[in-house]
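A.B. asks: 3D model of this:
(one chain, ligands or ions: 1)
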Amino acid sequence: MAAQVQQEAALRSVDPSAHDSVRDREIGVEQEHLDRVYRRLEEKIHEAEFLMNDAAKRGQVGTPGALAERDAQVFRAGVHLNRLNNEFEDFLFGRIDLLAGKDGKKGPDGAYTAVEPAEGAIRSDNTADIAETLHIGRIGVLDADYSPLVIDWRAPAAAPFYRSTPVDPGRVVRRRVIRSKGRRVLGVEDDLMRPELTAFLDGHELPVVGDGALMAALGQARSHTMRDIVASIQAEQDLVIRAPAASVTYVEGGPGTGKTAVALHRAAYLLYQDRRRYAGGILIVSPTPLLVAYTEGVLPSLGEEGQVAIRAVGSLVDGAEATLYDSPAVARAKGSYRMLKVLRKAARGALEMPGAPASAPAATGQLAFGDDFGDEDDTQPPVAPASTPTRLRVVAFGRRLELEAPELDRIRHTALSGTAPVNLLRPRARRLLLDALWAKSGAGSRHTDPELAAELRSSFDEDISSEDDFIAFLDAWWPELTPRAVLAAMADERRLGRWARRILNPGEVRRVARSLGRDGLSVHDVAMLDELQAILGTPARPRKRREADPLDQLTGLEELMPVREESQRERAERLAQERTEYAHVIVDEAQDLTPMQWRMVGRRGRHATWTVVGDPAQSSWSDPDEAAEARDEALGTRPRRRFTLTVNYRNPAEIAELAARVLALAMPGSTSPSAVRSTGVEPRFSVVRGGLAKTVREEAARLLDRVDGTVGVVVAMNRRAEAARWLAGLGERVVALGSLEAKGLEYDATVVVSPAEIADESPAGLRVLYVALTRATQQLTVVSQDRDEPDANGVPDLLRD
Ligand SMILES: Nc1ncnc2c1ncn2[C@@H]1O[C@H](COP(=O)(O)OP(=O)(O)OP(=O)(O)O)[C@@H](O)[C@H]1O
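C.D. replies: The predicted structure follows:
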């Protein structure tokens, strides 16, 4: 509540009488500053280049260390300018005007460190002078005299830009957001933190321009990619972004409270704080490829690439990419802890059917999902069980030795006792076979001299191990199993039934087996593959020698300039690809991870610090308690630091209010976040007339006319394909998506089709409907069919007050 009061006060504190001439003058002021920043950067490049040329001419290269430092300086300045010119639309985006501080201490970035104003900074007639002005940008730039021209947004001196509120303003009098493109300043928006104060800057009263930066940002049309919020991060969000990285930072908040945005900005902040530590990589786990695609531009816009991997939960295992959704019943079986027990049995049981394919069919790698949601009744041909050798025959010392099926079974059973990874037990099984054959041969009892007996035994082992029949037998009887092969083996209903006895019920066995017989992998299959990899283990292989990397040989600047930049990025990408463990793991939409997925993600952060963001009210997983247990297991005993975000920046109050009715049904007693703005546009209710397709198409077209940006049409999962057809020809601004795919995304306007259908499609359906209803930034239309039981105004039963 306190946070909301602060927000509202901040938003009211704007001078409405600001004239365009004042605005133009203030844009001019900021333009001058931006010009100075660019001049300084160019100066730095020239300085470095001059030093280098001069040294080269005179042949005075100095120490190798000094030369390398100078080369690096030129390189850094070049990269800076390049990035400023090409990548950052709004490199300089903020400014704060501050009162004099309590003491005169300066920090490493050249700014005063005091947070509170000095006594007497505000005179008794409520006037004051601005003592310090700081500009905030995506990277820091110092002037020739080391005074700060631009402060990096992640530096401590930039914190008041985000933290100051009218309730707790600190030294900040005016906070300004600057909009620029390339080298041109386009606009400014001010918020007054001390509206009661008349402040002077260089003898002139401080001018105030605009309607407030946050509102300007929230009112902008949406595109299909997320924007960074670096210019308007709010105080409660800033606390999370800058929270110390130790242990686990746990963030909860309702829809639209900025959890995803905060998670991404936190990654950039952590890298800035301790780049060396996070060279070990930061992993961001996202629920869907659609959300990955939506968010992956944010970090590059903050100047961070390479060190951060954003991966969908279905793409965490190298070489596997989920392309299918499972039906709710199958997902429940595959995602729960019960599946862990089944996999352990399957990994051991699969040894008995070595004919299983070595790998399942390759995934397509597309972002689209298959259309098998709810198709449990499709019949799939069962996979024919392959045979296991049931007898071992070898010849030793001129005698034929045999082991029959019961003996082989006993040996396998002994070899498999314990929990060691199955693939690592092959040497043990081999030894047990040799022991049994040796016993059969009776040779051991013929020699009483232990030394002679040992020698004989050793040559017996050597002879047999090199026999082709024995090698072929071992390969067939104890093959090296791959996770894919075991998963494929589980597609056989009879086998799966054996492995899942008393764990899954017969209906679950049938459905899971059928789902595993399809082409392609589901998100839940990927977690199973990862678990199997851990259960099976990878036998050690002889190491390949690493090829010499020509980059390791580079020393001179000519090579450094053009080659190094490109190749370092390539190398970072390669390393990121190869990485399986991370220094920090950020889990977005954490409420959706199943126990099996938590185990998979946990393996990637065994030694990591964590940031976990989520909203239990949006969970599409049916058993939250089981998931919480798995989460706690993955995070271990690390201490938790908890934050709650309370303000909804996405939905106008009119939409948030409607969604809150569903929240009351989905999670009675929970509170929804308070919407930061209202648009005066109530949600629209439309009842199907002349067919569902026609109605939805008309409503989507209507919204396309009313908003500048995107329109999302959210349908139950099994209607995705037909919904895409309904919208054909309406253009790229409109998309159809299944209820589960809507997670984390947002649109200017949405059409939610048949709330009852979405609510009924899974045990977590009401929470999924809550997600669907909270995707719009401006307008929402709800289309009802008969099963929604709309009233005279078209309001469906589920959404009535
Ligand atoms: N401080 C801010 N300034 C400007 N825009 C903001 C701010 N905070 C959040 N937003 C915007 O609000 C919207 C919602 O943010 P985000 O998607 O991060 O919320 P969320 O909590 O992850 O939502 P959900 O739980 O529904 O996925 C985004 O458009 C984001 O850019």
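
A.B. asks: low-confidence stretches in the chain?
C.D. replies: For the chain, applying pLDDT under 70 flags the ranges 1-20, 48-89, 211-213, 216, 305, 353-387, 540-579.

A.B. asks: what parts of it come near the ligand?
C.D. replies: By C-beta under 6 Å from any ligand atom, the residues of the chain that approach the ligand are 214, 217-218, 227, 229, 232-234, 237, 253, 255-261, 615, 618, 649-650, 744, 746, 774. Backbone N, C-alpha and C define where each C-beta goes, glycine included.

A.B. asks: so which of those residues are in helices?
C.D. replies: Filtering the residues of the chain next to the ligand for membership in helices, criterion DSSP state H, returns L214, A217, L218, Q237, K259, T260, A261.

A.B. asks: can you give me the neighbour number for the third one?
C.D. replies: Other residues lying near L218 total 18 when counted by other C-beta atoms under 10 Å.

A.B. asks: give the closest residue to S762 in space, chain neighbours not counted.
C.D. replies: Computed as C-beta to C-beta, 6 or more residues apart in numbering, the closest residue to S762 that is not its neighbour in sequence is P328, at 3.7 Å.

A.B. asks: now do the buried residues in the host helix or strand of T695.
C.D. replies: If you go by DSSP states H and E, T695 is part of helix 692-706. Neighbour-count burial for helix 692-706, counted by 16 or more other C-beta atoms under 10 Å, picks out L692, T695, V696, R697, E698, E699, A700, R702, L703, L704.

A.B. asks: looking at those residues, which two lie furthest apart in space?
C.D. replies: Using C-beta to C-beta, the buried residues of helix 692-706 span at most 18.5 Å, a distance reached by L692 and L704.

A.B. asks: any idea how far D708 lies from A700?
C.D. replies: With distances defined as C-beta to C-beta, to the nearest Å, the gap from D708 to A700 amounts to 15 Å.

A.B. asks: which parts of stretch 628-635 are buried?
C.D. replies: Judged by neighbour count using 16+ other C-beta under 10 Å, the buried positions of stretch 628-635 are A630, R631, A634, L635.

A.B. asks: need these in TSV (columns: secondary structure and distance to A121).
C.D. replies: Below are these laid out as TSV (DSSP: H, G, I helix; E, B strand; the rest coil; distance: C-beta to C-beta, whole Å):
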residue	secondary structure	distance to A121
A630	helix	53
R631	helix	48
A634	helix	49
L635	helix	45
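
A.B. asks: of those residues, closest to L206?
C.D. replies: Distance from L206 was checked for each of those by C-beta to C-beta. The minimum falls on L635, at 47.4 Å.

A.B. asks: let me see the contact set for the closest residue to the closest one other than its chain neighbours.
C.D. replies: Residue nearest to L635 in three dimensions, not counting chain neighbours: V248, with 5.3 Å by C-beta to C-beta, 6+ apart. Applying C-beta atoms under 8 Å, 6 or more residues apart in numbering to V248 gives the contacts T609, W610, T611, V612, L635, R638, P639, R640, R641.

A.B. asks: V248 and G335: what is the separation?
C.D. replies: When distance is defined by C-beta to C-beta, V248 is 22 Å away from G335.

A.B. asks: how about the closest residue to the ligand within the stretch 401-550 of the chain, what does it touch?
C.D. replies: In the stretch 401-550 of the chain, no residue comes nearer to the ligand than V523, which is 17.6 Å away by C-beta to the nearest ligand atom. Neighbouring residues of V523 by C-beta under 8 Å, 6+ apart: A312, V313, G314, A322, L324, Y325, D326, Q597.

A.B. asks: closest point of the stretch 601-750 of the chain to the ligand, which residue?
C.D. replies: Counting by C-beta to the nearest ligand atom, the stretch 601-750 of the chain gets nearest to the ligand through Y649 (3.6 Å).

A.B. asks: burial check on that residue, number of neighbours?
C.D. replies: The criterion is other C-beta under 10 Å. On that basis, Y649 has 23 neighbouring residues.

A.B. asks: quick check on the residues of the chain next to the ligand: which are buried?
C.D. replies: Using 16+ other C-beta under 10 Å as the threshold, 214, 217-218, 229, 232-234, 237, 253, 255-261, 615, 618, 649-650, 744, 746, 774 are the buried ones among the residues of the chain next to the ligand.

A.B. asks: element containing L481?
C.D. replies: Per DSSP H and E, there is no helix or strand for L481.

A.B. asks: stretch 491-505: which residues count as buried?
C.D. replies: Burial within stretch 491-505, assessed by neighbour count using 16+ other C-beta under 10 Å, is assigned to A491, D492, E493, R495, L496, W499, A500, I503, L504.

A.B. asks: swap in stretch 91-104?
C.D. replies: Counting neighbours by 16+ other C-beta under 10 Å, stretch 91-104 gives F91, L92, F93, G94, R95, I96, D97, L98, L99, A100, G101 as buried.
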